[in-house]
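# let me see the structure of the following:
(one chain, ligands or ions: 1)
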Amino acid sequence: MVSWQIGNNVLEIVQGDITEQDTDAIVNAANSRLAPGGGVCGAIHRAAGPKLAMACAQIGGCPTGEVRVTEGFNLKAKYVFHAVGPVYRGAPEDAELLASCYRESLKKAVEMGLASISFPAISTGIFGYPIREAAEVALNCIAEFLRTCSAGLKVRMVLFSKPDFEVHREVLHHLMSGR
Ligand code: ADP
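Alright, predicted model coming up:
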């Protein structure tokens, strides 16, 4: 685990399973229909139980780059934030849409008065975003948000694989040492 203080907030990077996190919210890498799918989304739906799919069906859908909130049901986390990342195309708008997922989630967490939130590496699985590029977008966006945030928020990036964790550790190190 790697941890950085940014203002009066903390950014942590861990290798693990997001469904097991005890933060107030966990973020789901959702699809625009908010339907239970594979990857991290499937894992979150399995761990939360069938009520999560019902809550998502009631919301109906969510545009790319935006976030919708449900309860966490059987999860330790009280809330699931469903963020819809872009399908990677190598287009200029990919990075802005990915950054928007992180920024909108962080804004909502602060608005709701939450103390902590966990993110997976959104779009880096089925949606094909290259892991290093995605890590740069995600960590830059989170760090920028936390620099001006006075809420005392704990933000945890949860990487499923060791190589993905190592990439995030490197990118964060470069970011924090100003290189
Ligand atoms: P997307 O469709 O946004 O690409 P995926 O679920 O396919 O979403 O993958 C997003 C990332 O989540 C991938 O890096 C994948 O390794 C990771 N992942 C899969 N399962 C879990 C889990 N249980 N906890 C944390 N991360 C996970």
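
# grab the most central residue of the protein for me.
When Cα atoms, centre = their mean is applied to the chain, the residue found nearest the centroid is residue 119 (2.7 Å).

# backbone dihedrals for it, please?
Backbone torsions for residue 119, taken as degrees, to the nearest 10, come to phi -120, psi 140.

# how much space between it and the ligand?
9 Å (Cβ to the nearest ligand atom, to the nearest Å). Using the backbone N, CA and C atoms, a C-beta is placed for each residue, glycine as well.

# swap in residue 12?
Residue 12 is 14 Å from the ligand, by Cβ to the nearest ligand atom.

# and that residue, that one's in a strand?
Yes - assigned with DSSP: H, G, I helix; E, B strand; the rest coil, residue 12 falls within a strand.

# mind checking the longest helix of this structure?
Using DSSP state H to define each element, the chain has its longest helix at helix 93-111.

# residue 64 reaches residue 32, doesn't it?
Yes - with contact defined as Cβ atoms under 8 Å, residue 64 reaches residue 32; the gap is 6.2 Å.

# mind checking how far residue 32 is from residue 172?
29 Å (Cβ to Cβ, to the nearest Å).

# those two: which is more packed in?
Taking other Cβ atoms under 10 Å, residue 32 and residue 172 do not tie; residue 172 has more neighbours (23 against 14).

# can you tell me the closest non-neighbouring residue to the more buried one?
Using Cβ to Cβ, 6 or more residues apart in numbering and skipping residues adjacent in sequence, the residue nearest residue 172 is residue 139, 5.2 Å away.

# again, but for residue 39
Closest to residue 39 by Cβ to Cβ, 6+ apart is residue 125, at 4.4 Å.

# which residues touch that neighbour?
Contacts for residue 125 (Cβ atoms under 8 Å, 6 or more residues apart in numbering) come out as 29, 39-40.

# next one: residue 120
Contacts of residue 120 by Cβ under 8 Å, 6+ apart are 18, 27-29, 40, 157-160.

# can we see that at 10 Å?
Going by Cβ atoms under 10 Å, 6 or more residues apart in numbering, residue 120 touches 17-19, 21, 26-29, 39-41, 43-44, 83, 85, 138, 157-160, 164.

# what does the chain have sitting close to the ligand?
Residues of the chain lying close to the ligand by Cβ under 6 Å from any ligand atom are 17-19, 29, 39-41, 43, 85, 120-127, 158, 160-161, 164.

# show me what the residue nearest to the centre of the chain is bridged to.
residue 157 (DSSP bridges).

# with just CA atoms, put the strand or helix carrying residue 174 into CSV.
Taking DSSP states H and E as the definition, residue 174 sits inside helix 162-176. Only the C-alpha atoms of helix 162-176 are listed here, as CSV (Å, rounded to 0.1, in the frame of the first residue of the first chain):
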residue,chain,number,x,y,z
LYS,A,162,0.1,-6.6,-9.2
PRO,A,163,1.3,-5.1,-12.6
ASP,A,164,-1.6,-2.6,-12.5
PHE,A,165,-0.7,-1.6,-9.0
GLU,A,166,3.0,-1.2,-9.9
VAL,A,167,2.1,1.1,-12.9
HIS,A,168,-0.1,3.3,-10.6
ARG,A,169,2.7,3.4,-8.0
GLU,A,170,5.2,4.6,-10.6
VAL,A,171,2.8,7.2,-12.1
LEU,A,172,1.9,8.6,-8.7
HIS,A,173,5.6,8.7,-7.7
HIS,A,174,6.4,10.7,-10.8
LEU,A,175,3.4,13.0,-10.3
MET,A,176,4.3,13.7,-6.6
